[in-house]
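My questions concern the predicted model and sequence given below.
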Number of protein chains: 2
Amino acid sequence: MQITFLGTSSGVPTRKRNVSSIALRLPQRAEVWLMDCGEGTQQQILRSDVKISQITKIFITHMHGDHIFGLPGLLASCGMAGNVEHIDLYGPTDLADYLNSCLRYSETRLSYPIKIHKVAPGFVCEDEEFIVTCAPLKHRVTAHGYRIEQKDRLGRFNVEKAIAQKIPSGPLYGQLKRGQSVTLPDGRFIDASNFQSPPQIGHKVVYCTDTIYCESAVELAKNADVLIHEATFAHQDADLAYQRMHSTTTMAAQVALAAGVKALIMTHFSPRYAPGNSLQLEDLLQEARMIFPNTFISQDFMTFDVEAIARPEILQHQALA
Amino acid sequence: MQITFLGTSSGVPTRKRNVSSIALRLPQRAEVWLMDCGEGTQQQILRSDVKISQITKIFITHMHGDHIFGLPGLLASCGMAGNVEHIDLYGPTDLADYLNSCLRYSETRLSYPIKIHKVAPGFVCEDEEFIVTCAPLKHRVTAHGYRIEQKDRLGRFNVEKAIAQKIPSGPLYGQLKRGQSVTLPDGRFIDASNFQSPPQIGHKVVYCTDTIYCESAVELAKNADVLIHEATFAHQDADLAYQRMHSTTTMAAQVALAAGVKALIMTHFSPRYAPGNSLQLEDLLQEARMIFPNTFISQDFMTFDVEAIARPEILQHQALA
C-alpha cells in the first residue's frame, strides 16, 4: 500500500505543484484509488508511474474546483486507455450533476460504466479487504475526510506443525485456519492460536482536506498509520486560515497528536510559501514537528510506503530521497 | 503578433503534448487571445512565457472535452492572478451553459466579469485593430474555424517632408495623415500619398479544428498569412479520418494550397505517431510538404512570429530552434 502525491498545491497550480490529487496504490490487487482530482491530474499520472488503467475508485472530498476540475478529462481518458472495466466515484451530493453535465455538454460517451455514490458521514464502501468510512470536515462548503482501513487478517495456518502433531487433515484444518480451537476424536484439545502466526493488523490511511481544525477529523484519524492532512497556512497566518476555513501546520499537527496516528503527511500548501519567499515549506515542517515529530511534507510525485510508516527511519529516508 | 502552441495532441494528452490550446500574442496591446482551452492549459501557461493575466479573449471551436475542459480552472486562476479586468469568450451555443454549471457546482465566484458570446458563421467581433470572423467546419459536432484579421494600417505621415515643403501645420496635417489630398491656400495641390510610407497590410491568422477537409475552411483561410489546421492523421490513415471526421496531413495541405496561404502549421496530432512508432511526425510533415512546401509541425511551447511568415527562411529557423 503506497501513497503517491499527484498534486500538493492549494487553489491554483504552481510550476512545481499541481492542484489536489492523491493516488492510493494497492499493488497486490493491481488497483489505484484516487482521492480528489484537480485539473491536470491525468497529466500528472502520465508523468508518474501510476497506471491510469488501474483506477477503480475515486473519492472526492468536496466540490471546489481545485479538487474536481480534472474529473471529466480523466474519465474520458480512462475510456481511451482501453482496459478500464468500471469506476466507482464517491463524493458530495452535487458530484453526479456536475459530472453528468460536463459529459453531456462535451458529448463524451464513456466506454465503461461509472457509478456515482453520494456519501454521508459514516460507512462509504466495503469489500473483503477494505472498509472505507468518512466524516464531516469544517470548510466553506460541505467536505468529508476519508478513512481507508485495511481489515485485520488472520495469521497464516502452520500446516507443517499440524501434520507433525498428527492432526487429521480435512475439515479440522479449516476450523483451525479460521482460528477455532477443536477437540480431536482422540480427546486432545488443540488450541488454534498455537498453529497460526500472529494476525496481520491492517493499515489505516486517513485523508482530511479542506478543513480547519475539527474534532471529527481527530475522531476519523484515531490510531491511523498515516494521516494526510491539509496545511494550507503557516502558524503565523492563522488569521487567513480562520477566514478561509483552512488549516495551519499546527492545526494539522494537533489533529495527528490527538488522534495518536503514526505519521502525518502535510499537503495542500498555499503558493505563498514557494521557494524565494520569507517563509518556506521547510519552516512549515519545523512548526508541525514541534508538536508532532513524525511529520512529513509532500511534494508532487513523492511516494510513501505505508508498510514503512511503523519504521519512521525508513520513511524518512524515502521521503528525502 | 506571435502564436504559441500550448497543446498539440488530439483527444488525450501525452507526456510531450497536451490537449488543444493556442495563445495568439499581441505584444503591442499586452494582450493574449486564447484559441481552445483543453484540460491543463493553465499549467502549460505556467511553463511558458505567456502571461495568464493578459488573456482578454478566448475563442472555442467546439465542445469536445479536449478543447474545453481547461476553461473552468483557467478562469478561476485568472481571478486569483488578480489583475484580469474582463474576459470575452466566444463559442458554440452550449458554451455558456457548460461554463455556468461548472462554476455553479464548484461554487467558483470569479472576481472579474466574463461575457460569453454565442458565435454563428460570419462576424464574431471587432475593434480598431482587429476583425474576427468564423466559418462552419465539418466535424461530428458543430465546430467553427476562426479568422483573426489585423486591419490594414495607413502608412506613417512624413512630418519632416511636410515642414520642408512649407505646408502650414494644423488641420491640413490631419487631412494628409488620413490620406486625403489637399489644395493649399497658395494654390498648390498636395498629393497625400507623397507624404506617407506605404500602408501596412494587416496579418491574418486562421485556425481550423476539428474538421475533415471542407470548402468553408478554404474560404475562411483565403490569403491568410498563417493557417493553423488540424492534421490528426497521416495520409495512409485516411479511413480513420473519414470515420472520425478529422483531417489527414494531405487534407490540411490541400486547404492551405487552395486558400493560397503563406504558411501552414499543422497541429492536433494523434498520439499514434509519437516517437517509437512506425509512422512519426517527421513523416507527416513530409506528406504535407509534397503538396504545400511551406508547412510546419507544431510542438507544445513552440512560438511562431507571424511577421516572419512572409520570410519563410526566418520562420524555418525559428521553428527548428
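That came through fine.

Tell me who's in contact with the nearest residue to A:Arg17 once chain neighbours are set aside.
Excluding the flanking residues, the one nearest A:Arg17 by CB to CB, 6 or more residues apart in numbering or on different chains is A:Ser9, at 3.7 Å. Heads up, the C-betas are built off the backbone N, CA and C, glycines and all. Listed by CB atoms under 8 Å, 6 or more residues apart in numbering or on different chains, the contact set of A:Ser9 reads A:Arg17, A:Asn18, A:Val19, A:Ser20, A:Asp66, A:His268, A:Phe269, A:Pro271.

Could you dump these into a markdown table and include secondary structure?
A markdown table is the format used below for these (DSSP: H, G, I helix; E, B strand; the rest coil):
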| residue | secondary structure |
| --- | --- |
| A:Arg17 | coil |
| A:Asn18 | coil |
| A:Val19 | strand |
| A:Ser20 | coil |
| A:Asp66 | helix |
| A:His268 | coil |
| A:Phe269 | strand |
| A:Pro271 | helix |
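
got the residues you listed as JSON lines, with pLDDT and neighbour count columns?
What follows is the contacts of A:Ser9, written out as JSON lines (pLDDT from 0 to 100; neighbours: other CB atoms under 10 Å in any protein chain shown):
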{"residue": "A:Arg17", "pLDDT": "97", "neighbour count": "22"}
{"residue": "A:Asn18", "pLDDT": "98", "neighbour count": "28"}
{"residue": "A:Val19", "pLDDT": "98", "neighbour count": "32"}
{"residue": "A:Ser20", "pLDDT": "98", "neighbour count": "30"}
{"residue": "A:Asp66", "pLDDT": "98", "neighbour count": "28"}
{"residue": "A:His268", "pLDDT": "98", "neighbour count": "29"}
{"residue": "A:Phe269", "pLDDT": "98", "neighbour count": "26"}
{"residue": "A:Pro271", "pLDDT": "95", "neighbour count": "16"}
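
right, and the pair among the residues you listed with maximum separation?
A:Ser20 and A:Pro271 (13.3 Å; CB to CB).

what do these two both touch?
Joint contacts of A:Ser20 and A:Pro271 (CB under 8 Å, 6+ apart) are A:Ser9, A:Ser10.

circling back to that earlier point, show me what the residue nearest to A:Arg17 is bridged to.
A:Val19, A:Phe269 (DSSP bridges).

pLDDT score for it?
A:Ser9 carries a pLDDT score of 98 in this model.

Contacts only, for the nearest residue to A:Phe123 once chain neighbours are set aside.
Spatial nearest neighbour of A:Phe123, chain neighbours left out: A:Thr133 (5.8 Å); criterion: CB to CB, 6+ apart. For A:Thr133, the contacting residues are A:Gly122, A:Phe123, A:Val124, A:Tyr146, A:Arg147, A:Glu149, A:Leu220, by CB under 8 Å, 6+ apart.

Kindly recompute the last result at 6 Å.
Contact analysis of A:Thr133 by CB atoms under 6 Å, 6 or more residues apart in numbering or on different chains lists A:Phe123, A:Val124, A:Arg147.

Validate this expectation: the second one resides in a strand.
Yes. According to three-state DSSP, A:Val124 belongs to a strand.

if I pick the nearest residue to it once chain neighbours are set aside, what's in contact with it?
Distances taken as CB to CB, 6+ apart place A:Val132 nearest to A:Val124, at 4.2 Å, with adjacent residues excluded. With contact set as CB under 6 Å, 6+ apart, A:Val132 has these partners: A:Val124, A:Cys125, A:Ile148.

in what helix or strand does A:Arg289 lie?
Using DSSP states H and E, A:Arg289 falls within helix A:281-291.

tell me what that helix is packed against?
Applying 3 or more CB pairs under 6 Å, 6 or more residues apart in numbering or on different chains; DSSP states H and E, one finds that helix A:281-291 contacts helix A:249-259, strand A:295-297.
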